[in-house]
Structure formats: structure tokens, C-alpha cells
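Undergrad: My questions are about this predicted structure, shown below with the sequence.
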Amino acid sequence: WNVTTGSEEVVVAVFDTGILLDHEDLADNIWHNPLERPGDANGDGYPGQQGLDDDGDAQRQMQHRDPYTGAWKYEIPGNRIDDDGDGIIDETGVDFGDEDVMLADYDQDGQSHVVRGWSMNWRAGTNEYYEVVDPEDRAMAAADDDENGLIDDLNGWCFGCWDADVNEHQYHGTHVAGTVGAVGDNGYGIAGVAWKVRLMAISLMNADDKALTTSARIVKAMEYALDQGARISCQSWTGSVGSGIMLEMMRSGMEANHLFVTAAGNEARDIDVIPAYPAAYAKVLPNVVAVAASDHDGRLAPFSSFGDETVLLAAPGVDILSTVPDETRPDGGPGEPGRLLPGFGTYALMSGTSMAAPHVAGAAALLWSLAPGAGYDVIVEALGQGTRRDPALDGWVKSGGHLDVGRSVQALNRLWLRFDGAAGSGQQTNCLLAADAEVVFNLLVNDPPALRSGNYLATVRLTDETTALGVPVALTVTPAALARVESLAVAGDTD
């Protein structure tokens with residue numbers, strides 16, 4: 001934390017039971033959808049801003065540019081005439097180019113918002129297009145400011161209930177969120193691994209609050225997180241059955257430079273042999289990290305699943321103190337969550353690989369705050385190289401070690417800055433100087449070139465028996481230059 005406490009630019013999507021949004025230790029780090037505001041923000045009854053192509057993927061709506069005169073023609077709704085000449089009669093301003101708006105079933109009645117119909121004009125010998133609008137969907141769509149088919153997704157979305165209520169359904173998600181990113185240095189409760197971060201709430205609970213939703217909806221949730229720019233997702237849940245479409249969606253996260261941090265599971269089994277999903281995808285996808293749980297003594301927790309081909313590392317997962325809602329316990333059911341009470345939340349101890357995974361998600365957020373342009377592969381390598389090796393974990397996790405954020409920061413530095421020792425010495429990490437001696441050494445920077453654009457920090461330390469001097473080194477990698485036209489030759493007047 002002397003190096004970094006995180007960045008508000010890094011978004012971590014918490015796939016869980018929701019988050020208590022107004023918890024005293026979480027509220028300031030909750031993600032807010034920058035394109036969404038409560039209700040119909042401009043009061044016009046349309047998603048986005050009526051008459052404008054809000055998402056930039058189609059022509060302006062309810063008006064059409066005449067290709068011959070260049071003049072704009074406008075639609076007069078309700079007169080059964082194609083006033084603007086775009087082939088659609090009486091369009092209402094819905095962006096037909098935006099499939100999320102057009103195909104969204106806002107009221108979940110099985111009827112999409114808008115379908116595009118057509119009829120034959122026998123007299124003119126042409127086809128005419130018109131809108132068929134589900135009136136209930138139309139009324140609800142007005143509040144979908146960012147035109148993504150989800151109304152008022154201000155802080156995330158509940159993909160089980162299919163609504164914007166992402167407030168905690170139980171307690172689990174709030175506990176996970178606190179470990180990732182409870183606000184640090186604020187005088188309350190705890191500090192998350194990342195003091196500064198943005199927590200996106202992705203609720204996977206069904207309406208009965210007793211079970212996760214379907215794989216298909218979890219995949220939609222992953223797509224949402226990628227579309228909204230989340231850099232990391234914390235998946236503190238497991239299932240015994242894989243999903244081909246989930247595998248492909250997680251694979252697409254590689255293009256989005258997204259890292260999935262997953263819990264290995266609490267079945268104390270080898271998931272190399274008996275897979276638990278989505279953690280098992282770490283075996284085949286480089287942007288998936290599976291995490292086991294360690295106990296107070298640094299041993300693998302008795303309940304933790306493992307796998308030296310699948311699970312990268314272990315992180316604390318026993319008696320973890322983190323944020324939870326205020327709650328009562330029902331009579332006769334000690335330890336079971338009861339009715340959630342209003343308030344600013346409280347704190348509780350929980351155990352599981354669900355508690356270990358958010359430690360790694362928070363660590364990844366810290367690393368990305370130092371190197372915003374780094375690829376997920378750089379972050380994963382830093383996490384793996386930075387582990388604190390422990391013979392007790394050999395054969396249980398791939399790295400044979402525990403999460404060590406400080407070492408991972410150092411490993412992140414090593415990935416771009418290499419000390420080549422004194423000239424001709426062959427030393428790769430350090431060199432010794434005699435008193436009053438001089439030496440020439442080399443620092444190899446970004447060699448070979450492999451870094452994404454961004455800012456990278458390191459420290460070269462000079463020490464003797466009594467003194468240590470740190471020399472900061474900074475590297476800024478700029479995006480690749482665009483092609484530039486030096487000259488333009490016209491070969492003929494038909495070019």
C-alpha cells in the first residue's frame with residue numbers, strides 16, 4: 001500500500017448475491033454506470049435521446065437524408081405515410097440499428113419491444129415497413145438511457161431476477177466485495193485489498209434468493225461486464241457442469257483484456273480430475289485464474305479444492321473478516337442468515353474459497369493500477385511469479401505458493417525492467433562494489449518490446465551495511481503510431 005492503494009479507473013465486477021450498496025465501508029467504491037440515469041432522464045418517453053443515434057451505430061432516427069438533394073426529411077407519426085422516405089412508415093424513434101433496444105423484452109412477457117413488419121403496396125408495387133410496438137415495453141424502454149436493453153442499470157444488473165435491484169439478496173456478495181475493495185483509511189471497519197476501485201454489482205440470484213440463475217444468464221452477465229468495461233470479475237461460485245457457451249464467452253474476454261478470478265471450490269477435491277466450473281477453465285484459458293484457500297497457518301484449508309494444473313495459487317480463506325448487511329438470526333438456526341435489516345451494514349467472519357478469490361481479484365486491481373496498459377497475461381504472470389513459495393503447497397497448486405501482493409508488485413516490475421549487472425560480470429540481479437569503486441551496469445527496458453501502452457514503475461535499490469537508497473525508474477509506453485501519409489500522387493482524374 002506504500003506503492004499503490006488502487007485506482008478508481010479499475011472496475012471489478014462481483015458475480016454473486018448482490019452488494020449492500022450503502023454499506024458504510026463500500027458505498028464510496030460502488031461503480032456507477034456513466035451512461036445511465038434513474039428513470040427517463042430527459043422526459044421524452046424514448047430510450048436515450050429521441051431523434052439522435054445515441055449509440056452511433058445507425059442513422060439518426062425519425063429523419064432521413066435524401067440521397068439526391070441532401071435535404072433532411074422528417075417523419076410525421078400516425079399518418080400512415082412514409083414522410084421521410086426511409087422505407088419505414090410512422091417509426092416512433094426507436095433505433096432499429098440497436099438490437100439491444102429492438103429485441104429487449106423489458107416486461108419479460110415473451111414479446112420483444114419492437115418488431116419490424118412489412119406489407120405490400122399493390123398500387124405502388126413496393127414493400128412498406130412499419131413498427132409493431134409492445135406498448136408495455138415502450139413505456140418501460142423510456143428509462144433505458146444507454147440503450148442496452150436494461151432499465152436503470154445504475155450499479156449493475158440482477159441477471160437472475162432480470163431487474164436493476166442489485167442490493168444484497170443474502171450476505172455472501174457483500175462479504176466478497178469488501179475483501180476486494182472496502183474503502184481504506186476511512187475510519188470504518190476494514191480495508192479491502194484495493195482501497196480504491198470500482199465495484200460493479202452482478203447478482204446471479206433467482207427471485208427466491210435460494211439458487212443461482214441459469215448458465216445462459218450467467219453468460220449474459222459476463223457479456224454485460226465486458227461491454228461495460230470491467231477489467232476483472234470475481235467469480236466466487238462453482239458448479240459441477242460445464243457450459244460451452246460460457247467457455248466461449250470467457251475466451252472472448254481475452255480480446256477485452258479481462259481477467260476472470262474464480263474460486264476453486266469447497267469440496268476438498270482435485271479439480272484437475274473432477275472439474276468445478278468456471279475454475280476448471282483456468283486449465284485451458286490464460287485469462288482465468290483459479291484460487292485455493294489457505295488457513296491461519298499457511299496450510300491448504302481442509303475444505304479447499306486444489307489442482308496443480310488448474311489452480312494457480314492459494315490465498316487466505318479461513319475466518320476472513322469483511323463487510324456484511326445487518327441481519328438477525330432466526331430462532332433455532334445459529335449461523336444461518338436471517339432477515340436483512342436496514343442500516344449501514346456490519347462485519348463478520350466467513351470461510352471458503354469464496355473468500356480467497358476476492359483477495360486475488362483485489363491484488364489484480366492493485367497491479368493494474370500501477371500498469372493500466374498491461375495485458376491480462378502480464379497480470380497473471382506477476383501474480384504467479386510473486387507467490388511466496390511453500391513446500392506444503394507443492395503438488396496442490398500450480399505455483400506452489402501463497403498470494404503475496406508485495407512480491408507480485410516486484411514481479412510486475414521485473415517483467416519490463418531487467419538488471420544486467422556489471423558489464424561482463426554475468427550477474428542478472430545484483431552486483432557488489434568495492435569501496436570507492438566505480439562500475440558500469442545496464443538496465444534493459446521493455447526488451448524485447450512486449451508491453452501495452454501505459455505507465456510502469458520500478459525502483460533500483462543501492463544498499464550498504466547501514467544505508468539504503470532507492471532510485472525510482474519510470475517507463476511510459478505510448479500507443480503505436482498511426483500510419484501517416486507522406487505524399488499523395490494523383491494518377492488520373494478518375495481516381
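TA: Happy to help now that I have it. Numbers count the residues shown, from 1 in each chain.
Undergrad: Kindly provide the distance from the residue lying closest to Ser233 once chain neighbours are set aside to Ser236.
TA: Excluding the flanking residues, the one nearest Ser233 by C-beta to C-beta, 6 or more residues apart in numbering is Ala13, at 4.2 Å. Using the backbone N, CA and C atoms, a C-beta is placed for each residue, glycine as well. Distance of Ala13 to Ser236, given as C-beta to C-beta, to the nearest Å: 12 Å.
Undergrad: Centre of the chain to stretch 174-189, how far?
TA: Stretch 174-189 sits 18 Å away from the centroid of its parent chain (C-alpha atoms, centre = their mean, to the nearest Å).
Undergrad: ranges for the strands of the stretch 101-250 of the chain?
TA: Secondary structure of the stretch 101-250 of the chain by DSSP state E, counting those that start in this stretch: the strands cover 114-121, 126-133, 156-158, 196-203, 232-235.
Undergrad: Could you report the neighbour count for Gln108?
TA: 13 (other C-beta atoms under 10 Å).
Undergrad: Equivalent analysis for Trp237, please.
TA: 24.
Undergrad: Model confidence score at the spatially closest residue to it that is not a sequence neighbour, please.
TA: Spatial nearest neighbour of Trp237, excluding adjacent residues (C-beta to C-beta, 6+ apart): Leu212 at 6.3 Å. pLDDT for Leu212: 78.
Undergrad: Equivalent analysis for Glu465, please.
TA: 70.
Undergrad: again with Asp326
TA: 80.
Undergrad: State the distance from it to Gly189.
TA: Counting by C-beta to C-beta - Asp326 and Gly189 are separated by 13 Å.
Undergrad: what about those two, which has more around it?
TA: Set Asp326 next to Gly189 and count neighbours by other C-beta under 10 Å: Gly189 wins out with 19 against 14.
Undergrad: what's near enough to touch that one?
TA: Residues counted as contacts of Gly189 (C-beta atoms under 8 Å, 6 or more residues apart in numbering) are Glu24, Asp25, Gly178, Ala182, Thr323, Tyr347.
Undergrad: tell me the SS of the second one?
TA: Here Asp25 is coil, with the state taken from DSSP: H, G, I helix; E, B strand; the rest coil.
Undergrad: tally of neighbours for it?
TA: 27.
Undergrad: my read: it touches Tyr188, true?
TA: Yes: Asp25 is within contact range of Tyr188, at 4.7 Å (criterion: C-beta atoms under 8 Å).
Undergrad: separation between the nearest residue to Val101 once chain neighbours are set aside and Pro278?
TA: Distances taken as C-beta to C-beta, 6+ apart put Glu147 closest to Val101, at 4.8 Å, once the chain neighbours are dropped. The spacing between Glu147 and Pro278, counted by C-beta to C-beta, is 29 Å.
Undergrad: returning to that earlier point: the residue nearest to Ser233 looks like it's in a strand, true?
TA: Yes: under three-state DSSP, Ala13 sits within a strand.
Undergrad: List the buried residues of stretch 4-21.
TA: For stretch 4-21, the neighbour count (16 or more other C-beta atoms under 10 Å) marks 4-7, 10-21 as buried.
Undergrad: gap between the closest residue to Tyr106 other than its chain neighbours and Ala357?
TA: Excluding the flanking residues, the one nearest Tyr106 by C-beta to C-beta, 6+ apart is Met140, at 3.9 Å. Met140 sits at a distance of 35 Å from Ala357 (criterion: C-beta to C-beta).
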